[in-house]
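In: please find the sequence and the predicted model below.
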Amino acid sequence: MKELRLMKGNEAFAEACIRAGADGYFGYPITPQSEVMEYLMAQKTQERTGMVTLQAESEIAAINMVYGGAGCGKRVLTSSSSPGMSLKQEGISYIAGSELPCLLLNVVRGGPGLGTIQPSQSDYFQSTKGGGHGDYRLIVLAPSSVQEMADFAGLGFELAFKYRNPVLVLSDGAIGQMMEKVELDIQKPRFTDEDIRKNTPWATIGKTPDRDHNVITSLDLESIKMEQHNHKLQEKYRLIEENEVRYEKIACEDAEYAFVAYGTSARICQKAIELARAEGIKVGLMRPITLFPFPKKVVKEMTDRVKGILCVEMSAGQMIEDVQLAVEGRVKVEHFGRYGGIVHSPSEIVEALKKQIIGG
Amino acid sequence: MAEFKTNPEILQPENVVYKRTELLTDKALSYCPGCGHGTAHRIIMEVIEEMGIQAETIGVAPVGCSVLAYEFMDIDIQQAAHGRAPAVATAIKRLFPDKFVFTYQGDGDLAAIGTAETIHACNRGENMTIFFINNGIYGMTGGQMAPTTLPGMKSSTSPYGRDVKTMGNPLKMTELVATLPGTLYVTRQAVHTASAVRKAKRAVRKAFENQKLNKGLSFVEIVSNCNSGWKMNPLQSNEWMVENMFPFYPIGDIKVNDDK
């Protein structure tokens, strides 16, 4: 039986992780996502499902604990907010390089530096273009509701193990903190040791006589082998781009103009659509759900119909670069956004549409 | 890797008095001749073999000279980011409490960049083993000053000798972690003589046996030489180690549990 509850985004994510059969959470407190670990601790996960919940000494330690657990074929995760995610980037690069599955949550706050604790979307570049050192990509899921915070926990683990790649749920302080109705999945069993041996034969859970020793590393001192490894990674990212694009189109059938926005901005754009349509402006919304892979084809196809695209982001303009690459100059593409912790209002968005796209 | 050629006439079973332990792979060690790492590897692998726990053991290799430990140790093993081995091992042990989990780290890895991870894993009393190879220098990167470099000791980044006024004093991590309630057994050993190797091996064995007790972390420092980094031949470096390193890093148990 599915279960309905009223929950904060952060709590819904935590609960959904337990139900997705997570084996371990390793985290460090930071606003506005501390509810994730608080919730898990209050749930006594070790007693409830056997899941380990551990408060680490730093974000750096936490992500390296994730590396250790992921290398053992376990479902493990960490969560943080922007400054903490910056600290985790080295570890994420190692996880990507070693091709380990894991789930990451960034409840984004305004930056740069210590910035602010209010919601923002200014970690798009860090999330979708690599973030740490080396050529790698994360699969990036962008929830725009508490329901999706819950849904993307299970989906995230599924994709992480399918591709042996870290999956990042890129949320923000608004989605993390707000309360909404959420439908929760039933409890999935955690992996048994037999599951791990069968499904992740590369995992380090003890060398048995029937196989060679398993090694988890991102190192190869022979550059020719490292290039081959990189080729393999790039091939995987191409496959992900082919198979895993997710998006939602709202009011696009008759649209002459389009918003492209994700997460909280996409929610606000839905209200902006109502306001604009009341004034007779036919505008729709394309909401990328995967930020990597970015729905490039969908954006390109939209240019057959729409006369202009307004990218609405709580940043100085980051996702707009992916939209511009997809549009290839066919129609006008402009950015509108408030940032540094300010959330734009629907009427500001409509004004920007009129000024920058329709009248511009 | 160098290829070793042995006269097949000599290589007969009846002539074997000393051989590679089964749990070291056939890979030629990447360590400089005379370095203590090879012996340290060997005694750890011998203990795992003797305890019959290969299938139950997961190791964590560091960044530094022993970064390739995973190529030499025939066990399931992960290579951690610089300094993070205790965090990696913490998760493995928490997720598999019945396995034997250890880290193998050098002084730069454990006592500089990984200080926080080391202290907190010890303080939480993670039921695992940390092996700490202390040769007072960054060997892999070419002989720079380490947190354990002795006062006055020359290195490529302290070419006129470590000046403690500007470069700080060497850090005695082993004494430090012994003060934490989370550590069960803390010892400092060496591998420069046959008798030292035997004692060190007993310490390694105790450190692994302790994991069955589930009472805290076992920490085994091995003071070792770095003949190439110290710019000496192996013999000189071992003599220098005895004369200079041992007075500052005295060999012996610092904290012992008597639990059976």
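Out: Right, received. Where do you want to start?
In: B:Lys99 is in contact with A:Ile206, correct?
Out: You called it Ile, but residue A:206 is Gly. Yes: with contact defined as Cβ atoms under 8 Å, A:Gly206 counts as touching B:Lys99 (6.2 Å). Every residue, glycine included, has its C-beta placed from N, CA and C.
In: overlap of the contact sets of the two?
Out: Residues touching both A:Gly206 and B:Lys99 by Cβ atoms under 8 Å, 6 or more residues apart in numbering or on different chains: B:56-58.
In: the domain parsing of chain A - what is it?
Out: A:3-193, A:247-358 (automatic domain parsing).
In: buried set for stretch A:232-244?
Out: A:233, A:236-237, A:240-241, A:244 (16 or more other Cβ atoms under 10 Å in any protein chain shown).
In: what ranges do the helices span in the stretch 101-250 of chain A?
Out: For the stretch 101-250 of chain A, the helices defined by DSSP state H, counting those that start in this stretch occupy A:124-128, A:146-163, A:173-177, A:193-199, A:223-243.
In: looking at the longest one now, give me its mean pLDDT.
Out: If I follow you right, that is helix A:223-243. Throughout helix A:223-243, pLDDT has a mean value of 98.
In: quick one on the thing from earlier: show me which of the shared contacts of A:Gly206 and B:Lys99 neighbour chain A.
Out: B:56-58 (Cβ under 8 Å from any Cβ of the partner chain).
In: nearest to chain A: which residue in the stretch 101-250 of chain B?
Out: Nearest residue of the stretch 101-250 of chain B to chain A: B:His120, at 3.9 Å (Cβ to the nearest Cβ).
In: list the residues that contact that residue.
Out: B:His120 makes contacts with A:56-57, A:61, B:86, as judged by Cβ under 8 Å, 6+ apart.
In: before we move on, what about A:Gln55?
Out: So A:Gln55 contacts A:27-29, A:37, A:41 (Cβ under 8 Å, 6+ apart).
In: and the gap between it and B:Ile48?
Out: Computed with Cβ to Cβ, to the nearest Å, the distance linking A:Gln55 and B:Ile48 is 31 Å.
In: backbone phi and psi for A:Ile205, please?
Out: For A:Ile205, the backbone dihedrals (degrees, to the nearest 10) come out as phi -120, psi 20.
In: OK, contacts around it?
Out: Residues in contact with A:Ile205, defined by Cβ under 8 Å, 6+ apart, are A:72-73, A:193, A:196-197, A:214, B:58, B:76, B:96, B:99.
In: strands - which of the contacts of A:Gln55 land there?
Out: A:Gly27 (DSSP state E).
In: most surrounded residue in the contacts of A:Gln55?
Out: A:Gly27 (28 neighbours; other Cβ atoms under 10 Å in any protein chain shown).
In: which residues does that one contact?
Out: A:36-37, A:54-56, A:62, A:78-80.
In: now, of those residues, which are buried?
Out: Using 16+ other Cβ under 10 Å as the burial test, the contacts of A:Gly27 include A:36-37, A:54, A:56, A:62, A:78-80 as buried.
In: so what sits opposite the residue nearest the centre of chain A in the bridge?
Out: For chain A, the residue sitting closest to the mean C-alpha position, by Cα atoms, centre = their mean, is A:Val169 at 2.5 Å. Counting by DSSP bridges, A:Val169 is bridged to A:Leu105, A:Leu141.
In: any idea how far A:Glu351 is from it?
Out: For A:Val169, the distance to A:Glu351 equals 32 Å [Cβ to Cβ].
In: now do A:Ala22
Out: Distance, A:Ala22 to A:Glu351, by Cβ to Cβ: 44 Å.
In: ok, back up a step: go through the helices of the stretch 101-250 of chain A and pick out the most buried.
Out: Mean neighbour count (mean count of other Cβ atoms under 10 Å in any protein chain shown) peaks for helix A:173-177 among those, with a mean of 26.
In: circling back: might you report the residue contacts of the residue nearest to the centre of chain A?
Out: Contacts of A:Val169 by Cβ under 8 Å, 6+ apart are A:13, A:103-106, A:141-143, A:149, A:152-153, A:156.
In: same thing but 7 Å
Out: With contact set as Cβ atoms under 7 Å, 6 or more residues apart in numbering or on different chains, A:Val169 has these partners: A:104-105, A:141, A:143, A:152, A:156.
In: again, but for A:Ala251
Out: Listed by Cβ under 7 Å, 6+ apart, the contact set of A:Ala251 reads A:273, A:284-285.
In: one more time with 10 Å
Out: For A:Ala251, the contacting residues are A:258-259, A:269-270, A:273-274, A:276-277, A:282-285, by Cβ atoms under 10 Å, 6 or more residues apart in numbering or on different chains.
In: make a markdown table from these and add distance to chain B, neighbour count and pLDDT to it.
Out: Formatted as a markdown table, the contacts of A:Ala251 follow (distance: Cβ to the nearest Cβ, whole Å; neighbours: other Cβ atoms under 10 Å in any protein chain shown; pLDDT from 0 to 100):
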| residue | distance to chain B | neighbour count | pLDDT |
| --- | --- | --- | --- |
| A:Ala258 | 43 | 32 | 98 |
| A:Phe259 | 41 | 30 | 98 |
| A:Cys269 | 40 | 31 | 98 |
| A:Gln270 | 41 | 16 | 98 |
| A:Ile273 | 45 | 26 | 98 |
| A:Glu274 | 48 | 13 | 98 |
| A:Ala276 | 49 | 25 | 98 |
| A:Arg277 | 51 | 16 | 98 |
| A:Lys282 | 52 | 17 | 98 |
| A:Val283 | 47 | 29 | 98 |
| A:Gly284 | 45 | 22 | 98 |
| A:Leu285 | 41 | 22 | 98 |
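In: which of those residues fall within helices?
Out: Counting by DSSP state H, the contacts of A:Ala251 place A:269-270, A:273-274, A:276-277 in helices.
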